[in-house]
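Q: sequence first, then the predicted structure:
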Amino acid sequence: MEKKLGIFVTLFIILNINAIGQKLSDFKALLEECGMNVNIPKGFVESEIIDNKDMSYDYAIKYPDKDFELRYSIRPIRYKKYTNDTLKNEMESQRAFRNSQYNIILETVILNITGGVDYKVQAFNNEAVRKEFNADWGATSFVDLKSDFGKGFKYCMIVTIHKDDFADAYYFYLSNSKDKFSENMDPLFHTLRFD
């Protein structure tokens, strides 16, 4: 029981790290520290970050004329540089867990944003996830939103990519309609990847 409690406390901390801001320059600085980059296509606008207790996120964009938003959440496993030894020790103490339990962390994210409903997770082909995202693992799930995180939206496609010793990254595609969901998601699918 103590081990399970420890895992859930660790997951709560990981999932609710405060975002550093809604400026693209701040988001790119975070990505650089995690060995990642972002390439947002023209025509998208920033969307306000909504503070919530279910899943914090670092940056959001949307179509200016469609009910469709993308939220990025980055969870570093290690930084290139640490501001202090306390942070370094904390990050290092979680590294083995984070490099092996990324699927459990994703399931916890899903439970948080769906109000406790468990959904099927589809892992990506390992070769494809390496080629397309330069990641070690990736997965996706389509869920109904029932949480403060999803307030104002009904549906969410989650795409997760993981790279050992770097980070877990989450894309949250949100909409109120399943109609043209894939079409709206398509130009944004490969916007975030590991270097």
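A: In hand now; what should we look at?
Q: now the helices: where do they sit in the protein?
A: Secondary structure of the chain by DSSP state H: the helices cover 2-15, 24-33, 85-100, 102-113, 126-133, 181-185.
Q: now tell me what touches the second one from outside.
A: It refers to helix 24-33. 20-21, 37-38, 40, 46, 58-59, 72, 74, 76, 79-81, 192 (Cβ atoms under 8 Å, 6 or more residues apart in numbering). Every residue, glycine included, has its C-beta placed from N, CA and C.
Q: for Ile61, which residues make a bridge with it?
A: Glu46, Leu70 (DSSP bridges).
Q: what's near enough to touch it?
A: Ile61 neighbours (Cβ under 8 Å, 6+ apart): 40, 44-47, 69-70, 188.
Q: show me which of these are buried.
A: 40, 44, 47, 69-70, 188 (16 or more other Cβ atoms under 10 Å).
Q: can I get those residues in TSV with pLDDT?
A: Shown next, in TSV, are those (pLDDT from 0 to 100):
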residue	pLDDT
Ile40	93
Phe44	95
Ser47	94
Glu69	97
Leu70	97
Leu188	95
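Q: related to what we said a few turns ago, for the helices of the chain, please prepare a markdown table with the additional fields distance to Phe149 and mean pLDDT.
A: A markdown table is the format used below for the helices of the chain (distance: least, Cβ to Cβ, whole Å; pLDDT from 0 to 100):
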| stretch | distance to Phe149 | mean pLDDT |
| --- | --- | --- |
| helix 2-15 | 10 | 44 |
| helix 24-33 | 18 | 92 |
| helix 85-100 | 21 | 89 |
| helix 102-113 | 5 | 93 |
| helix 126-133 | 23 | 96 |
| helix 181-185 | 18 | 95 |
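Q: winner for burial among these?
A: helix 102-113 (a mean of 20; mean count of other Cβ atoms under 10 Å).
Q: direction-wise, compare that helix with helix 85-100 and give the angle.
A: 100 degrees (axes from the mean of the first three to the mean of the last three Cα atoms, to 10 degrees).
Q: going forward, count from 399.
A: Okay, residue one is now 399; in that scheme the one you just asked about reads as helix 500-511.
Q: so which elements touch helix 500-511?
A: Contacts defined by 3 or more Cβ pairs under 8 Å, 6 or more residues apart in numbering; DSSP states H and E place helix 500-511 against helix 400-413, strand 535-542, strand 553-561, strand 565-573.
Q: Tyr568 is in contact with Ile556, isn't it?
A: Yes: if you go by Cβ atoms under 8 Å, Tyr568 and Ile556 touch, sitting 6.3 Å apart.
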